[in-house]
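Colleague: Give the three-dimensional model of this entry:
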Amino acid sequence: METRTRPHDAAPDPTPEPPLADPAAAHGWGGTPWRAAYTVAEAAVTCGVSRRTIGYALERGALVARYPSSRPVILHRDLFRWLEGAPTTLAAAPRRPATGRAA
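Modeller: Sure thing, here's the model as predicted:
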């Protein structure tokens, strides 16, 4: 005997994503799913920069770390705003401070 299935309306997801301030963040970056916060290592991978770059931004106060546990996390919206404020050309990028060594 052949069983047939008939199409039915799927029930909507009972837990929709929270509303976001920026539409680009709703889809995640690079196909990654949306997350509320990232560890320093995850933030670096997500943005395509090194952990040291994220560390410098935290030291300068350009990014703010939060501590819901002993591990610091960076909110998605803070990371997105930090990237939005990054220079669009290399000439506009600030130079790192000198190390004190002779050139």
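
Colleague: quick one: low-confidence parts of the chain?
Modeller: 1-33, 92-98, 100-103 (pLDDT under 70).

Colleague: And the strands in it?
Modeller: 37-39, 73-75 (DSSP state E).

Colleague: what's the most buried one of those?
Modeller: Here the criterion is mean neighbour count by mean count of other CB atoms under 10 Å, and of those the winner is strand 73-75, at a mean of 20. C-beta: built from backbone N, CA, C; applies to glycine.

Colleague: packing partners for that strand?
Modeller: strand 37-39 (3 or more CB pairs under 8 Å, 6 or more residues apart in numbering; DSSP states H and E).

Colleague: and stretch 56-76, how far apart are its ends?
Modeller: 18 Å (CA to CA, to the nearest Å).

Colleague: Buried residues, it. List them.
Modeller: 57-58, 63, 65, 72-76 (16 or more other CB atoms under 10 Å).

Colleague: Name the residues that touch it?
Modeller: Identification of contacts with stretch 56-76 by CB atoms under 8 Å, 6 or more residues apart in numbering yields 25, 34-40, 43, 54, 78-79, 82, 85, 96.

Colleague: Now list the buried members of those residues.
Modeller: Buried subset of the contacts of stretch 56-76 (neighbour count, 16+ other CB under 10 Å): 37-38, 40, 43, 54, 78-79, 82.
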